[in-house]
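**Q** return atomic coordinates for the entry below.
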Amino acid sequence: MYQFGQPLTRDQHFKDHYEHQVPVQIYMGEQHQDIGYVQSYSSRFIKINGTFYSRSLYTFISRPGY
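**A** Numbering: from 1, shown residues only. Below is the predicted model of the structure:
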């Protein structure tokens, strides 16, 4: 499905991670911000651990098996 460390950019990526409860790691630049499960997503934001992260400001990385 997804490889460890694969960037997530498309709605389908977030939908798959939401439906299969695959962990997502969040970065701002090189700085790790959070890791958790997608609770919801839209074209502008991803909600993880009760926080809305802007898709334009953050990088989202797949962490299957984490």
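
**Q** point out where the chain drops to low pLDDT.
**A** Regions of the chain meeting the criterion pLDDT under 70 are absent.

**Q** tell me where it has strands.
**A** Along the chain, counting by DSSP state E, strands occupy 7-8, 24-28, 31-36, 38-41, 45-48, 51-54, 59-62.

**Q** okay if I get these as a markdown table plus distance to residue 15 and mean neighbour count?
**A** C-beta coordinates here come from the backbone N, C-alpha and C atoms, glycine included. Formatted as a markdown table, those follow (distance: least, CB to CB, whole Å; neighbours: other CB atoms under 10 Å):
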| stretch | distance to residue 15 | mean neighbour count |
| --- | --- | --- |
| strand 7-8 | 10 | 18 |
| strand 24-28 | 12 | 18 |
| strand 31-36 | 16 | 12 |
| strand 38-41 | 7 | 17 |
| strand 45-48 | 11 | 20 |
| strand 51-54 | 16 | 14 |
| strand 59-62 | 13 | 19 |
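
**Q** wait, residue 33 sits on residue 27?
**A** Yes - at 6.2 Å, residue 33 counts as touching residue 27 under the criterion of CB atoms under 8 Å.

**Q** which neighbours do the two have in common?
**A** residue 58 (CB atoms under 8 Å, 6 or more residues apart in numbering).

**Q** if we can go back for a sec, could I get the strands of the chain as CSV with distance to residue 17?
**A** Shown next, in CSV, are the strands of the chain (distance: least, CB to CB, whole Å):
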stretch, distance to residue 17
strand 7-8, 7
strand 24-28, 6
strand 31-36, 10
strand 38-41, 5
strand 45-48, 9
strand 51-54, 13
strand 59-62, 7
